[in-house]
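Asker: I would like the atomic coordinates for the input below:
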Amino acid sequence: VDGRGLLAFPGVVDAHQHWGIYNELSADTRTESRACAQGGVTTSLTYMRTGQYYLNKGGPYREFFPEVLSKAEGNAYVDYAFHLAPMMAQHIDEIPYLVEEHGITSFKIFMFYGGHGLHGRSSSQSDFLMTPPDERYDIAHFEFVMRGLQKAREDLSDYAPYLSLSMHCETAEIMTAYTKLVEQDSSLSGLRAYSRSRPPHSEGLAVTIASYLAHETGLPNINLLHLSSQKALDAALTMGRAFPHIDFRREVTIGHLLADVDTASGLGGKVNP
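Answerer: Numbers count the residues shown, from 1 in each chain. Okay, the predicted model is just below:
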């Protein structure tokens, strides 16, 4: 290819995507990776979990993840890899297997599920997440995920520098309560109403909780995902000063930097938090 007179850039690594939520995974792999290539993204790291959406299946990752790999295989236009979310106790036990057998080095917690499902009003968490009825996806589970990942770092010392935990930081109880308040306020609508239902202090509080748990469990590699407010960023910087032994990676996104409830209205878009 004759590139004379043109500018050439290295391919972009996008470390935070979600393939297969709203479309079947093999089809979504094709369309999303094609969009990546068209935009200059040559490596995609996509988040995956068990439960509703994605493959709409529960169970152990030993059974689930090979199916994920088979659905993606041969359908991507770019290089890709997966982050995985331990949704139940059995998944925590599977972390060493996932690291050694599949090269998974990044795991995730979705704090906003809390005691709820994807939608704050849901009370049937185990049905939505397809987890055992006697288990809860809550702060205690988040702690145990951290302890399990830190144990894997200690047992698999060669992998230790590369093993990290990503955190989607929102507080489910505050989100649920503010959603109810917004629904009672007839003056709010559209993206402004949606944004009001997920207040910035909910994100900041979750960042603080996540950070202290990292300190408590000794897990040093923490990714604070898509920080979307000044309060969240202030909390992240404060926690960095409080716990300097933790390597907090602070992620922001183009969507959060360039769009708000007014400028995004024409797009009809929303991003959580």
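
Asker: pLDDT below threshold where in the stretch 51-200 of the chain?
Answerer: Across the stretch 51-200 of the chain, residues meeting the criterion (pLDDT under 70) sit at 114-123.

Asker: Helices of that one, start to end?
Answerer: Using DSSP state H, counting those that start in this stretch, the helices assigned to the stretch 51-200 of the chain run over residues 61-72, 89-93, 95-102, 125-129, 139-155, 172-183, 190-196, 200-217.

Asker: Distance from the fifth one to the middle of the chain?
Answerer: Between the centre of helix 139-155 and the centre of its chain there are 17 Å (Cα atoms, centre = their mean, to the nearest Å).

Asker: angle of it against helix 172-183?
Answerer: Helix 139-155 runs at 140 degrees relative to helix 172-183, counting by axes from the mean of the first three to the mean of the last three Cα atoms, to 10 degrees.

Asker: re earlier: looking at the helices of the stretch 51-200 of the chain, which is buried most?
Answerer: helix 200-217 (a mean of 21; mean count of other Cβ atoms under 10 Å). Glycine gets a C-beta too; all of them are placed from N, C-alpha and C.

Asker: Next secondary structure after that helix?
Answerer: On the C-terminal side of helix 200-217, the nearest following helix or strand under DSSP states H and E is strand 221-224.

Asker: Outside of the helix or strand following that following strand itself, which residues are in contact with it?
Answerer: Remark: after strand 221-224, the chain's next helix or strand is helix 230-242, criterion DSSP H and E. Helix 230-242 has contacts (Cβ atoms under 8 Å, 6 or more residues apart in numbering) with 169, 200-201, 203-205, 207-208, 211-212, 215, 224, 227, 246, 248, 250, 273.

Asker: before we move on, back to that, now render the helices of the stretch 51-200 of the chain as CSV, adding distance to Ala37.
Answerer: Below are these laid out as CSV (distance: least, Cβ to Cβ, whole Å):
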stretch, distance to Ala37
helix 61-72, 15
helix 89-93, 32
helix 95-102, 24
helix 125-129, 33
helix 139-155, 32
helix 172-183, 35
helix 190-196, 30
helix 200-217, 32
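
Asker: Show me the residue at the heart of this protein, geometrically.
Answerer: The residue lying closest to the centre of the chain (Cα atoms, centre = their mean) is His168, at 5.1 Å.

Asker: and that one, bridged to which residues?
Answerer: Beta-bridge pairing for His168 (DSSP bridges): Phe110.

Asker: wait, it sits on Leu225?
Answerer: Yes. With contact defined as Cβ atoms under 8 Å, His168 counts as touching Leu225 (5.3 Å).

Asker: wait, which of the helices of the stretch 51-200 of the chain is closest to Glu24?
Answerer: Closest approach to Glu24 among the helices of the stretch 51-200 of the chain is made by helix 61-72 (7.8 Å; Cβ to Cβ).

Asker: Quick one: list the elements packing against that closest one.
Answerer: On a contact count with 3 or more Cβ pairs under 8 Å, 6 or more residues apart in numbering; DSSP states H and E, helix 61-72 meets helix 25-38, strand 79-84, helix 95-102.

Asker: Could you dump the ones you listed into JSON lines with distance to Ser189 added?
Answerer: Output for the helices and strands packed on helix 61-72, formatted as JSON lines (distance: least, Cβ to Cβ, whole Å):
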{"stretch": "helix 25-38", "distance to Ser189": "30"}
{"stretch": "strand 79-84", "distance to Ser189": "35"}
{"stretch": "helix 95-102", "distance to Ser189": "43"}
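
Asker: closest to Pro66 out of these?
Answerer: helix 95-102 (8.7 Å).
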